[in-house]
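Chemist: prediction below, plus the sequence it came from.
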Amino acid sequence: EAGVAQSPRYKIIEKRQSVAFWCNPISGHATLYWYQQILGQGPKLLIQFQNNGVVDDSQLPKDRFSAERLKGVDSTLKIQPAKLEDSAVYLCASSLEAAGSNGYTFGSGTRLTVV
Amino acid sequence: KQEVTQIPAALSVPEGENLVLNCSFTDSAIYNLQWFRQDPGKGLTSLLLIQSSQREQTSGRLNASLDKSSGRSTLYIAASQPGDSATYLCAGQNTGTASKLTFGTGTRLQVTL
C-alpha cells in the first residue's frame, strides 16, 4: 500500500509571498487532514476533510490560509501572504474513516521556511 | 478542551536499557490514543493505537498502556537500541470531535552506545 504523498519536501519563501502544498492520501481513505507542526511543538490540526467536504477548519487562519480537496482525493493547502510565524512543517494525514478507529497515516511533510 | 502533556521532554539512556515514556491527558472522554515516532526532518510513523475499550497494545519491543480513569498512557520500550533514537509523540482522539487528534509536545529520546 502506497503511503501518503506530499510535495514539495522543502520550501523557502520570503514573507508576503504565496506558497502551495500538495497531498495525495492513501487510496480509498475518505478523511484527509492538514496539520501544522512548529519546531518543538506537537502537530496542530488546521483542517479536516471528509471526502471533499470540510469537517473542521476551526483552527485554520482563514485570512491567509485556504485548502481544497477536489473530487475527494488530492488536496492542496495554500498560504497567501505568508508570515514569518508560518515557518513550520506541514503534515498531511489520511484515515479510512472519519472516526479514525483504524488510526492515521502521515506523509513525510513539507518544511516551510519564511524569511 | 483536551490537553496532552508528555514527560520528560528529553531522555538519554544507554543501549540495552528498558524505558518508559509518559503521556497524560485532561479529558477522559477519549476515543483512542495513538503513539507516533518522528525522526528528524521526517513525518510521523504510527507505532501503536489503543482503543478506549483496550488497556494495552504490544508490538515487538514496544508496549503501550492506557488508563482512562487516571488520564495516563505509557509507552514502554524494552532493550533500547540506538535506532530507537527519535521523538515520540502521543495523541488522543476524543469522542465527538470528528476524529481530531490532540498531540503532546513529544519526548526526544537518545539511546547511546
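Modeler: Noted; the coordinates are in hand.
Chemist: so who does the residue in chain A that chain B sits nearest to touch?
Modeler: For chain A and chain B, the shortest gap (CB to the nearest CB) falls at A:Gly42, measuring 3.1 Å. C-beta: built from backbone N, CA, C; applies to glycine. Residues counted as contacts of A:Gly42 (CB atoms under 8 Å, 6 or more residues apart in numbering or on different chains) are B:4, B:89, B:91, B:103-106.
Chemist: please identify the nearest residue in space to it, excluding sequence neighbours.
Modeler: B:Phe103 (3.1 Å; CB to CB, 6 or more residues apart in numbering or on different chains).
Chemist: tell me the pLDDT of that neighbour.
Modeler: Listed pLDDT for B:Phe103 reads 94.
Chemist: my guess is it contacts B:Thr5. True?
Modeler: No: between B:Phe103 and B:Thr5 there is no contact under CB atoms under 8 Å: 10.7 Å.
Chemist: run through the bridge partners of the residue nearest to A:Gly42.
Modeler: Following DSSP bridges, B:Phe103 is listed with bridge partners B:Ala91.
Chemist: how about it, what does it touch?
Modeler: Going by CB under 8 Å, 6+ apart, B:Phe103 touches A:42-44, B:4, B:89-91.
Chemist: try B:Ala9
Modeler: By CB under 8 Å, 6+ apart, the contact set of B:Ala9 is B:105-108.
Chemist: would you mind measuring from the residue of chain B found nearest chain A to A:Asn52?
Modeler: Proximity of chain B to chain A (CB to the nearest CB) peaks at B:Phe103, 3.1 Å away. The gap separating B:Phe103 from A:Asn52 is 26 Å, by CB to CB, to the nearest Å.
Chemist: for the residue nearest the centre of chain A, pull up the helix or strand it's in.
Modeler: Compute the mean C-alpha point of chain A, and by CA atoms, centre = their mean the closest residue is A:Trp34, 2.8 Å away. Per DSSP states H and E, A:Trp34 falls inside strand A:31-37.
Chemist: buried set for that strand?
Modeler: Across strand A:31-37, burial judged by 16 or more other CB atoms under 10 Å in any protein chain shown covers A:31-37.
Chemist: and what of stretch A:46-53?
Modeler: Residues A:46-50 are the ones in stretch A:46-53 that count as buried (16+ other CB under 10 Å).
Chemist: then stretch B:26-41?
Modeler: Using 16+ other CB under 10 Å as the test for burial, stretch B:26-41 gives B:27, B:30-38.
Chemist: helices - which of the residues you listed land there?
Modeler: Among the buried residues of stretch B:26-41, no member falls in helices (criterion: DSSP state H).
Chemist: tabulate those residues (JSON lines), appending pLDDT and distance to B:Gly71.
Modeler: As requested, the buried residues of stretch B:26-41 are arranged in JSON lines below (pLDDT from 0 to 100; distance: CB to CB, whole Å):
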{"residue": "B:Asp27", "pLDDT": "84", "distance to B:Gly71": "8"}
{"residue": "B:Ile30", "pLDDT": "84", "distance to B:Gly71": "8"}
{"residue": "B:Tyr31", "pLDDT": "82", "distance to B:Gly71": "14"}
{"residue": "B:Asn32", "pLDDT": "87", "distance to B:Gly71": "14"}
{"residue": "B:Leu33", "pLDDT": "91", "distance to B:Gly71": "11"}
{"residue": "B:Gln34", "pLDDT": "92", "distance to B:Gly71": "16"}
{"residue": "B:Trp35", "pLDDT": "95", "distance to B:Gly71": "16"}
{"residue": "B:Phe36", "pLDDT": "95", "distance to B:Gly71": "19"}
{"residue": "B:Arg37", "pLDDT": "96", "distance to B:Gly71": "23"}
{"residue": "B:Gln38", "pLDDT": "94", "distance to B:Gly71": "23"}
